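Undergrad: Sequence plus the predicted model coming up.
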Amino acid sequence: EPTRRRIFVTRQIPGAALDRLCQLHDVSIWPDRVPPTPTELLERVAGCDGLLTMLSDRIDESVMKAAGPQLKVVSNYAVGYNNIDLVAARERGIRVGNTPDVLSAATADLAVTLLLAAARLVPEASAQVREGRWGAWEPDVLLGVEPAGRTLGVIGMGRIGKTFAERMVGGWGMKLLYTSRAAKQDVDESLGGRHVEIDELLRESDFISLHVALNDETRHLIDADAFAKMKSTAVIVNTARGEIIDQEALVDAIRNKQIFAAGLDVTTPEPLPPTHPLVGLPNVLILPHIGSATDTSRHAMSEIAVDNVLAGLSDSPLRCEVPLA
Ligand code: 8YV
């Protein structure tokens with residue numbers, strides 16, 4: 001009979017994957033819909049061998065220390081892992097897992113949704129109907145911009161960036177510019193992409209979508225200078241992380257009509273208070289971080305996250321392991 005290990009799961013997750021974990025190990029699941037506070041997290045991780053965590057849980061050195069030296073694995077229920085201190089994990093020999101690929105289609109679909117909806121001023125149009133402001137039809141109100149044949153700038157050509165680009169190039173015949181550490185031959189060949197410096201992308205693109213991970217190099221990558229380079233008809237979409245955009249600069253860019261519209265699935269902070277100036281802007285569409293929120297994607301994420309915990313507990317490479325070196 002193998003040893004039952006202690007695992008803390010910081011939120012209930014969809015699907016049956018957790019049952020597999022519970023059969024083999026002693027699993028405690030945070031019972032509330034509100035995430036544990038940092039203090040509650042420190043208390044609950046004590047003595048754990050594995051953690052199954054979410055973006056809203058900051059897993060820093062203090063949490064790893066509070067867990068104890070037996071902690072082997074932190075399995076994040078997300079593709080991103082900016083909530084985890086990777087240096088501290090490496091120093092302690094803790095494996096870190098994530099859930100890539102299975103959410104790429106859902107997230108790319110949401111980026112398409114945001115792009116089209118922001119470009120056609122859907123939030124304002126819908127608000128007019130709901131608020132009794134639907135006036136007489138006029139030929140020149142609520143005029144949007146069309147993506148067909150225009151230039152798409154994809155910042156970050158990873159799995160989600162590429163899935164998004166495939167949709168927009170395939171469906172709307174867009175010309176593709178992209179940034180990434182290196183040019184990608186398959187993107188250039190199959191999607192007609194051109195690897196460019198970010199300044200050229202900002203200047204030339206009609207639609208810009210962010211698909212980079214959040215780190216010290218990408219924090220506020222899109223700042224006042226970046227908005228100043230964009231076309232006044234540009235639409236920007238963010239399904240990556242809120243902190244990649246300097247939000248005050250975005251508010252100014254929208255107010256000063258430096259760009260046409262924005263569609264955001266991620267903000268700083270999350271949740272964004274309804275009093276935040278961004279919320280009141282008619283040509284900004286904001287969604288509550290639902291990029292991976294499909295039944296298909298979340299169930300598959302649950303399976304990977306649980307597989308990652310199980311592998312980590314048995315000192316095996318994880319199904320999806322975040323490289324720490
Ligand atoms: C999740 C995400 O909804 O995977 C990511 O990185 O941002 C989303 O899929 C979120 O992380 C839940 O923890």
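TA: Arrived safely, thanks for sending.

Undergrad: hey, let's count contacts and neighbours off CA atoms from now on
TA: Noted.

Undergrad: interface residues of the stretch 51-200 of the chain facing the ligand?
TA: M54, L55, Y77, A78, V79, G80 (CA under 6 Å from any ligand atom).

Undergrad: Neighbours of the spatially closest residue to the second one that is not a sequence neighbour, how many?
TA: Among residues not flanking L55 along the chain, N83 sits closest, at 5.7 Å (CA to CA, 6 or more residues apart in numbering). Per other CA atoms under 10 Å, the neighbour tally for N83 reads 16.

Undergrad: All the helices of the chain, residue numbers only.
TA: For the chain, the helices defined by DSSP state H occupy 17-24, 38-45, 61-67, 86-91, 104-119, 122-130, 159-172, 185-191, 198-204, 224-229, 247-255, 295-313.

Undergrad: Adding mean neighbour count and mean pLDDT, write the ones you listed out as TSV.
TA: Listed next are the helices of the chain as TSV, based on neighbours: other CA atoms under 10 Å; pLDDT from 0 to 100:
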stretch	mean neighbour count	mean pLDDT
helix 17-24	15	97
helix 38-45	16	98
helix 61-67	19	98
helix 86-91	16	98
helix 104-119	23	99
helix 122-130	14	97
helix 159-172	20	98
helix 185-191	14	98
helix 198-204	19	98
helix 224-229	17	98
helix 247-255	18	98
helix 295-313	22	98
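
Undergrad: ok, now how distant is the nearest residue to G93 once chain neighbours are set aside from I7?
TA: Residue nearest to G93 in three dimensions, not counting chain neighbours: K72, with 7.1 Å by CA to CA, 6+ apart. K72 sits 10 Å away from I7, going by CA to CA, to the nearest Å.

Undergrad: again with V279
TA: 39 Å.

Undergrad: Tell me which of the two has more neighbours.
TA: I7 (27 against 15).

Undergrad: list the contacts for the more buried one?
TA: Residues counted as contacts of I7 (CA atoms under 8 Å, 6 or more residues apart in numbering) are H25, D26, V27, S28, C48, D49, G50, L51, L52.

Undergrad: what sits against the first one?
TA: This means H25. Residues in contact with H25 (CA under 8 Å, 6+ apart) are T3, R4, R5, R6, I7.

Undergrad: By pLDDT, give me the weakest of the residues you listed.
TA: Ranked by pLDDT, those bottom out at T3, which scores 91.

Undergrad: which non-adjacent residue is nearest that residue?
TA: If the residues on either side of it in the chain are set aside, T3 comes closest to H25, at 7.9 Å by CA to CA, 6+ apart.

Undergrad: In terms of pLDDT, where does the one you found sit?
TA: 98.

Undergrad: State the distance from it to the ligand.
TA: 23 Å (CA to the nearest ligand atom, to the nearest Å).

Undergrad: Would you list the phi and psi of that residue?
TA: Per-residue torsions, H25: phi -140, psi 170 (degrees, to the nearest 10).

Undergrad: re the thing from before, now distance to T239 too, for the helices of the chain, in CSV please.
TA: Shown next, in CSV, are those (distance: least, CA to CA, whole Å):
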stretch, distance to T239
helix 17-24, 26
helix 38-45, 26
helix 61-67, 28
helix 86-91, 23
helix 104-119, 6
helix 122-130, 17
helix 159-172, 10
helix 185-191, 20
helix 198-204, 17
helix 224-229, 18
helix 247-255, 14
helix 295-313, 15
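
Undergrad: residues contacting the residue nearest the centre of the chain?
TA: Residue closest to the average C-alpha location in the chain (CA atoms, centre = their mean): A240, at 3.5 Å. Applying CA under 8 Å, 6+ apart, we find A240 in contact with L210, H211, V212, A213, L214, D265, V266.

Undergrad: Might you name the residue of the stretch 1-150 of the chain sitting closest to the ligand?
TA: Closest approach between the stretch 1-150 of the chain and the ligand, counting by CA to the nearest ligand atom: A78, at 3.2 Å.

Undergrad: What of the stretch 151-300 of the chain?
TA: Using CA to the nearest ligand atom, the closest approach of the stretch 151-300 of the chain to the ligand is made by S292 at 4.4 Å.

Undergrad: and that residue, what does it touch?
TA: Counted by CA under 8 Å, 6+ apart, S292 has contacts L103, S104, A106, T107, R298.

Undergrad: redo that, cut-off 6 Å
TA: L103, A106, T107 (CA atoms under 6 Å, 6 or more residues apart in numbering).

Undergrad: between the residues you listed, which is closest to G192?
TA: When the contacts of S292 are ranked by distance to G192 (CA to CA), T107 comes first, at 22.0 Å.

Undergrad: doesn't G291 make contact with that closest one?
TA: Yes - applying CA atoms under 6 Å, one finds T107 in contact with G291, separated by 4.4 Å.

Undergrad: Quick check: N98 touching V73?
TA: No - using CA under 6 Å as the test, N98 is too far from V73 to be in contact (11.1 Å).

Undergrad: Looking at those two, which is more packed in?
TA: V73 (28 against 24).

Undergrad: What pLDDT does the model give that one?
TA: 98.

Undergrad: same check, this time on E1
TA: 65.

Undergrad: near the ligand, which residues of the stretch 201-325 of the chain show up?
TA: Neighbours of the ligand within the stretch 201-325 of the chain, by CA under 6 Å from any ligand atom: G291, S292.
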